[in-house]
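# 3D model of this:
(4 chains)
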There are 2 protein chains.
Amino acid sequence: MNTSTRTEQVFLILTALVDRPRHGYGIVQEVARLSDGQMKLKVGTLYGALDRLTGEGLLAPDRDEIEGGRLRRYYRLTEQGAAALAEDAERLASHAALATRRLRERGIPLPGKLGTAGGAA
Amino acid sequence: MNTSTRTEQVFLILTALVDRPRHGYGIVQEVARLSDGQMKLKVGTLYGALDRLTGEGLLAPDRDEIEGGRLRRYYRLTEQGAAALAEDAERLASHAALATRRLRERGIPLPGKLGTAGGAA
DNA sequence: CCCAATAACTCGCTAGACGATATATCTTGT
DNA sequence: ACAAGATATATCGTCTAGCGAGTTATTGGG
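Below is the predicted model:
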């Protein structure tokens, strides 16, 4: 691989865990909330990613809880995970800004709220 | 898939074609330039993506040129492709901003130039 | 003369997202 | 009481797509 190139799914999983540890199902919900309902994480994707990211040291298993008879297995973002996310966020932001600038120069009809709300300063 | 979820490679291929049609090898070079040498597109990735994106209507074959005895096969971004890129750029920017904000709130040691140069206002 | 750069393309491998499925508990509606 | 849906975990087979490596060909420089 080039340098890292994590997927958008993984990016959002990491983002969901920035503020506090969450369990699998909680991550699915938080990712949906963060992405405004656009990214509906599949559990097949989730548990695979959770194992992989734990193996890479970006996540670590946190406590296990039993809440109302149901097991909750929590994961937290490690320092390494936070650093990786920060790096990805920086790269993504610069790529997005690049594309937007070039599209503006081309003068395409802007579909979203690209010119409406303040994305960047 | 969720909605679309293009890869970072595809995102950069589309971005490289915003200003003008380019041929395969030219796309590889432009993507490297745009990503500051970070993304070295593999030709196995490129030609697969070119076919796929053409099939999806995001790209279209442009003219074929013979420059100095070597064939150059050009592709251009369609209106649909520009719209798709604009959409992706918007989504990526918002995801990146989200992650950065949450990381700031957590107070992680910012590794890159996140606080140094003007990323966001 | 050979090697690197330019230029196209193919193929097998593998990583990773997805759909489906299984299991179990708790809640809500009828 | 019973069915259905939300909550919660996990596995498995499939399919897509990126990557490494290899093929062919031309031009230019050391």
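
# Is DNA strand C within reach of the longest helix that chain A contains?
For chain A, the longest helix by residue count, based on DSSP state H, is helix A:79-106. No. Helix A:79-106 is not in contact with DNA strand C by C-beta under 7 Å from any atom of the strand; minimum separation 12.4 Å. Backbone N, C-alpha and C define where each C-beta goes, glycine included.

# likewise stretch A:39-46?
Yes. Judged by C-beta under 7 Å from any atom of the strand, stretch A:39-46 comes into contact with DNA strand C at A:L41, A:K42, A:V43, A:G44, A:T45.

# Now intersect the residues you listed with the strands, please.
Of these, none are assigned to strands by DSSP state E.

# Tell me which two of those residues sit farthest apart.
The span of the residues of stretch A:39-46 next to DNA strand C, defined through C-beta to C-beta, is set by A:L41 and A:G44 at 9.5 Å.

# quick check: angle from the helix or strand hosting A:L71 to helix B:79-106?
Using DSSP states H and E, the element containing A:L71 is strand A:70-77. Going by axes from the mean of the first three to the mean of the last three C-alpha atoms, to 10 degrees, strand A:70-77 is angled at 90 degrees with respect to helix B:79-106.

# Tell me which of A:L41 and A:G44 has more neighbours.
A:L41 (21 against 8; other C-beta atoms under 10 Å in any protein chain shown).

# name the element the residue sitting nearest the centre point of chain A belongs to?
In chain A, the centroid-proximal residue (C-alpha atoms, centre = their mean) is A:L12; its distance is 1.3 Å. A:L12 is part of helix A:8-16 when elements are defined by DSSP H and E.

# shouldn't the residue nearest to the centre of chain A be in contact with A:L41?
Yes. If you go by C-beta atoms under 8 Å, A:L12 and A:L41 touch, sitting 7.3 Å apart.

# between those two, what contacts are shared?
A:V31 (C-beta atoms under 8 Å, 6 or more residues apart in numbering or on different chains).

# just to revisit the earlier point, from the residues of stretch A:39-46 next to DNA strand C, which is closest to B:S94?
Nearest to B:S94 among the residues of stretch A:39-46 next to DNA strand C, with distances taken as C-beta to C-beta, is A:L41, at 17.2 Å.

# May I have the phi/psi pair for the closest one?
When quoted as degrees, to the nearest 10, the phi and psi of A:L41 stand at phi -60, psi 130.

# again, but for the one 10 residues further on
Main-chain torsions, A:D51, degrees, to the nearest 10: phi -60, psi -50.

# Now for it, how many residues are close by?
11.

# per-residue confidence for it?
Note for A:D51: predicted pLDDT of 98.

# With A:G107 instead?
82.

# Over to A:Y25?
On the pLDDT scale, A:Y25 gets 97.

# before we move on, back to that, and the helix holding A:L12, anywhere near DNA strand C?
Yes. Counting by C-beta under 7 Å from any atom of the strand, DNA strand C is contacted by helix A:8-16 at A:Q9, A:V10.

# and that helix, is it in reach of chain B?
Yes. Helix A:8-16 lies within reach of chain B by C-beta under 8 Å from any C-beta of the partner chain, at A:E8, A:Q9, A:F11, A:L12, A:L14, A:T15.
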